[in-house]
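**Student:** this one's sequence-less:
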């Protein structure tokens, strides 16, 4: 990836990469639902309550950002606990959302305790597009600008912590033909924020996740 693209996505934030659900599944790369990556099949628990977690999605940054890593997101199965990560920021040890950084890894070949009831599908990360992306500022995307469903000073808190917008997934972007069951984030928006280097490189190990609904 060129510095120019990092500049557009994470510094000037003039562009973003739209993210969409594909019509088919994928064993590798970015995907949502189904079984988690095999590298995440070890012991995982909610940092906040210690309870079980469920797999949600994986972002493959190999092609999108030229980083040899994937980010996989898991959420607490207790909705009352998950609410603690809604509309507010919590430190990682108090969040009910787990962001696991791992090497590129295919889906687990065997069932795991973290399997999702969401229909397994691939996620497509598109080419960088001028902001706002076609479809509006609430569209699922990587980089660019964001609009929080509920702000209430959260942007100020994020700025104080040195974290800036990285990714958002809007559950209203699920295609109509996809088997969803219950919406894990109550038809809301999941956000990822992290610090960036002066060159626009994201610090994946300092990722912070929370979600909001209207």
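**Tutor:** Okay, I see it. Note that the structure is a prediction, hence the values are computed from the model and not measured.

**Student:** ok, now which ones touch residue 174?
**Tutor:** Residue 174 is in contact with 21, 180, 183, counting by CB atoms under 8 Å, 6 or more residues apart in numbering. Where C-beta positions appear, they are placed from N, C-alpha and C, glycine not excepted.

**Student:** give me that answer again for 10 Å
**Tutor:** Contacts for residue 174 (CB atoms under 10 Å, 6 or more residues apart in numbering) come out as 21, 32-33, 118-119, 121, 140, 180, 183, 187.

**Student:** before we move on, what about residue 84?
**Tutor:** Taking CB under 10 Å, 6+ apart as the test, what residue 84 contacts is 46, 48-49, 76, 78, 90, 94-97, 210.

**Student:** Out of the contacts of residue 174, list just those in strands.
**Tutor:** 21, 32, 121 (DSSP state E).

**Student:** Return the member of those nearest to residue 170.
**Tutor:** Top of the list for closeness to residue 170, among those and by CB to CB, is residue 21 at 11.2 Å.

**Student:** Now compare the contacts of residue 174 and name the two farthest from each other.
**Tutor:** Greatest spatial distance in the contacts of residue 174: 121 and 187, 17.5 Å, computed using CB to CB.

**Student:** So between these two, which is more surrounded?
**Tutor:** residue 121 (23 against 14; other CB atoms under 10 Å).
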